[in-house]
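Q: I'll drop the sequence and a predicted model, then ask my questions.
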Amino acid sequence: MYFQVVEIQLSVIIVNYNVKYFLEQCLHSVCKASKNFTVEIIVVDNNSTDRSREYLEPHFPNLQFIWNPNNDGFARACNLGLKKARGKFILFLNPDTILPENCFEECIGFFNMHPEAGAIGVRMLDGSGLFLKESKRGFPSPSTSFYKLMGLARAFPNSKKFAKYHLGNLSQFENHEVDVLAGAFMMVRKTVLDKTGTFDEKFFMYGEDIDLSYRIKEAGFKNYYISTISILHFKGESTKKGSLNYVRMFYRAMSIFVQKHYGKGKAGIFSLIIQVSIAVRAAMAGFGKFVRWIGLPILDAALILLSFYLMKIIWGDYFLQHESYNNSMLRIAFPSFTLLFLIAAYYAGLYDRPFSYSKLARACLVSTIILLAGYSLLPERYRFSRAIILLTPVLAFIFMIVLRWLLIQWKLIDKVDEQSEYRRTLIIGSEAEFGEAQLIMKDAELANRVLGSISPNGSDISALGKIEDLKIILKKMPIREIIFCEGQLSYSTIIEHMQHLPQGIRSRIHSKGTHSIVGSDFKNSSGEIISMERKFRLAQPGPRRVKRLFDCSLSLIFILSFPLHFILQKNTGRFWSQVFQVLWAKKTWVGYGTKAPGLPQLRAGVIACNGLNGTTHNLAEDGLYRLDYAYARDYSASYDLGLIWKSYKNLGSQNRES
């Protein structure tokens, strides 16, 4: 008996790390593009904690999965996949990409027409349909790095000299021979990799594509940028650009590349520029981190104190000239009221990220009410003008608006889309596809956003119109978001329409048969995921603040009622240890019963969310995880209170494992 060996034309290698929903959409597009070819798909997972394995394996049983026990970096993961690859061509592909149906046909056809081509890349677009300059690049050099660092590349984006790093002088709509291809989509001949070697594992993340592109050209082959194929690349899913971690990793990769490929003299100059770049970017990122985490409340406190003293001067000098204030009393009152203002503002959501002007207004209003309530409780001899209490928050509000506007302009804080809560959504798809997407939106509690559907071919009489009328419909209706359903619409058509949407319209993609909707509005920020796994309440700032407030309040109640607990608790020493550990934020009263991968992070719980201590239950791990999942999804303070009431006797039990 003879067995025919099927030649694999293309091996697609995808490295996944905690982006299972983006990968789900990506894999569907890869499968569609593979229709006329023999393609093997190899997914290498770098120890994801979002339960990628449980989610992906049942949905894609014919794919090859490699489940790494550790995250050893992008280069090593690609090399693991390459060892299993049997294709004539190898495609290294990011998991947060969407390919058109003719992608492989065009790419392999180009290789066949150009035997000198060692590797090719394509025209990449971000989640808003805008061109990504990383699609074509020149090799890093001292001059290109200097121009980029000094802002000349941004000031002259089409200059052959100043914009050399992104080859700004070359049109994005024409094919070009280039130096560097992006690792997000890099298709290479297997015979070329046999000569050049694979990714250098010294590069953990970033730079490995530059290094491989360099070695391909050094081996006598050419790298080509192909403009006839456009793909989506939802950037920003793994490492946030602008973060201190990104700065370190990116410039470390550049340093490794320079030391490996350039001569001593050139490498010395380049290394100096790199070190300056690291210092400048690290200082900016560090200052930004300080402002976001610690500095903003400090700056606000200074502005509030300044507002108090300015209002005291203005009101005393121009309105109540006969009124005198006890300065020592004011030195106590103003800082105390400032602290009260900040506490109230924190719980009103002022320091949630990203920043929202509406939350600033709400925080100032809530703080003003609390200040007035606190003022009314003061003895008469400690009171001063009520107008100062009333007008100071108004002045502080103006100061804080100006401060945040400046910080947004300097890109030290991010501003939320103020209209996101009122976003109106259109779903473009057949009647069945509309129902599928609507079900996901409903389960994510976003069904109220949807105004209706657009028919791809005009066959759905209940639709608001057909896709050819989209521009007219967008002018007439307050639409801010479009969900493109792949099915009757091809990926190619979706990508084409996304490039021509009016500014301010956000786009999302849902592939037929998947359980998620994905999109990304900014190339340097995390994408948005809408899935049938509802958003966790405990992942949201408001419920997390409520949980912490509940923990502190309950601990204080226990302390104030201490004689009662000496009688009712068997192990009083351990009970009081738990009380103070919760108060000092070492623990939470109710936590998870498992390690809970993929769930919002919590401190170790005194009791688990099933009401038992970690050492006293013997439930199966999967059952405990489902309880933890439901707890994180539906959290409420009343549930915690009821659980603690029922499990009071366990509060002094043996500590649970963290």
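A: Perfect, thanks for sending it. Numbers count the residues shown, from 1 in each chain.
Q: quick one: average pLDDT of the one helix or strand F257 maps to?
A: Assigned by DSSP states H and E, F257 belongs to helix 244-261. Per-residue pLDDT over helix 244-261 has a mean of 65.
Q: how about low-confidence regions in the stretch 101-250 of the chain?
A: Along the stretch 101-250 of the chain, the parts satisfying pLDDT under 70 run over 142, 145, 149-151, 204-205, 235-250.
Q: Just the strands from it, written as ranges.
A: Applying DSSP state E, counting those that start in this stretch to the stretch 101-250 of the chain gives strands spanning 117-125, 176-178, 185-189, 222-233.
Q: Give me the contacts around the shortest one.
A: Right, the one you point to is strand 176-178. G121, K136, R137, G138, L167, L170, K222, N223, Y224, Y225, S227 (CB atoms under 8 Å, 6 or more residues apart in numbering). (Glycine included, C-beta is placed from N, CA and C.)
Q: Among those, the buried ones, what's the ChimeraX command?
A: Buried members of the contacts of strand 176-178, defined by 16 or more other CB atoms under 10 Å, are picked up in ChimeraX with:
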select :121,136,137,138,167,170,223,224,225,227
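Q: Which pair of the contacts of strand 176-178 spans the longest distance?
A: G138 and S227 (17.0 Å; CB to CB).
Q: wait, what's in contact with E436?
A: Each residue near E436 by CB under 8 Å, 6+ apart is listed here: G429, C485, H510, K512.
Q: Those in helices, which ones?
A: Among these, none falls in helices (DSSP state H).
Q: pLDDT-wise, what's the bottom of these?
A: K512 (91).
Q: Can you give me the neighbour number for the residue nearest to it when sequence neighbours are not counted?
A: Spatially, and ignoring its direct neighbours in sequence, K512 is nearest to G487 (3.8 Å; CB to CB, 6 or more residues apart in numbering). By the criterion of other CB atoms under 10 Å, G487 has 16 neighbours.
Q: Please enumerate the strands of the stretch 301-450 of the chain.
A: 425-428, 450-454.
Q: most packed of these?
A: strand 425-428 (a mean of 25; mean count of other CB atoms under 10 Å).
Q: elements contacting that strand?
A: Applying 3 or more CB pairs under 8 Å, 6 or more residues apart in numbering; DSSP states H and E, one finds that strand 425-428 makes contact with helix 431-443, strand 450-454, strand 481-486.
Q: ok, and what's touching the last one?
A: In other words, strand 481-486. Taking CB under 8 Å, 6+ apart as the rule, strand 481-486 contacts 28-29, 423-430, 433-434, 436-437, 449, 494, 497-498, 501, 505-512, 517.
Q: now with 7 Å?
A: 423, 425-429, 433, 437, 494, 497, 501, 505-512, 517 (CB atoms under 7 Å, 6 or more residues apart in numbering).
Q: got the angle for it vs helix 431-443?
A: Here strand 481-486 points in a direction 130 degrees away from that of helix 431-443 (axes from the mean of the first three to the mean of the last three CA atoms, to 10 degrees).
Q: before we move on, the earlier item: can I get the helices and strands packed on strand 425-428 in a markdown table with distance to L306?
A: Formatted as a markdown table, the helices and strands packed on strand 425-428 follow (distance: least, CB to CB, whole Å):
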| stretch | distance to L306 |
| --- | --- |
| helix 431-443 | 46 |
| strand 450-454 | 46 |
| strand 481-486 | 41 |
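Q: Can you tell me which of the ones you listed is nearest to S11?
A: So among the helices and strands packed on strand 425-428, strand 481-486 is nearest, using CB to CB, at 23.9 Å.
Q: Moving C-terminal from the closest one, which element do we reach first?
A: Of the helices and strands lying after strand 481-486 in sequence (DSSP H and E), the nearest is helix 491-498.
Q: Check which helices and strands that next one sits against.
A: For helix 491-498, the elements it packs on are strand 481-486, judged by 3 or more CB pairs under 7 Å, 6 or more residues apart in numbering; DSSP states H and E.
Q: and the strand it packs on with strand 450-454, angle?
A: Using the same axes, to 10 degrees: strand 481-486 against strand 450-454 is 40 degrees.
Q: Identify each buried residue in strand 481-486, please.
A: So for strand 481-486, counting by 16+ other CB under 10 Å, buried means E481, I482, I483, F484, C485, E486.
Q: between that strand and helix 491-498, what angle do the directions make?
A: 160 degrees.
Q: Let's see strand 481-486 as PDB, backbone CA atoms only.
A: What follows is strand 481-486 as a C-alpha-only set of coordinates in PDB (Å, rounded to 0.1, in the frame of the first residue of the first chain):
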ATOM      1  CA  GLU A 481     -19.600  52.400  16.100                       C
ATOM      2  CA  ILE A 482     -19.900  49.800  13.300                       C
ATOM      3  CA  ILE A 483     -19.700  46.000  13.800                       C
ATOM      4  CA  PHE A 484     -18.800  44.300  10.500                       C
ATOM      5  CA  CYS A 485     -19.900  40.700  10.400                       C
ATOM      6  CA  GLU A 486     -17.800  38.400   8.300                       C
END
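Q: so how far is that strand off the chain centroid?
A: The chain centre lies 20 Å from the centre of strand 481-486; the measure is CA atoms, centre = their mean, to the nearest Å.
Q: how about the contacts of E436 in a markdown table, adding distance to K88?
A: Listed next are those as a markdown table, based on distance: CB to CB, whole Å:
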| residue | distance to K88 |
| --- | --- |
| G429 | 36 |
| C485 | 34 |
| H510 | 33 |
| K512 | 30 |
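Q: can you tell me which of those residues lies nearest to K195?
A: K512 (41.1 Å).
Q: Next one: that closest one from Q488, what distance?
A: Distance from K512 to Q488, counting by CB to CB, to the nearest Å: 9 Å.
Q: who touches both of those two?
A: In contact with both K512 and Q488: E433, using CB under 7 Å, 6+ apart.
Q: What's the PyMOL syntax to select whichever of the contacts of strand 481-486 are buried?
A: The following PyMOL line selects those of those that are buried, judged by 16+ other CB under 10 Å:
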select buried, resi 425+426+427+428+429+433+437+494+497+501+505+506+507+508+509+510+511+512+517
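Q: Look up phi and psi at the residue nearest to S430 when sequence neighbours are not counted.
A: Spatially, and ignoring its direct neighbours in sequence, S430 is nearest to Q488 (4.9 Å; CB to CB, 6+ apart). Main-chain dihedrals, Q488, degrees, to the nearest 10: phi -70, psi -30.
Q: which residues touch Q488?
A: G429, S430, E433, P456, N457.
Q: Adding distance to I313, write those residues out as CSV.
A: Output for the contacts of Q488, formatted as CSV (distance: CB to CB, whole Å):
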residue, distance to I313
G429, 63
S430, 68
E433, 65
P456, 66
N457, 70
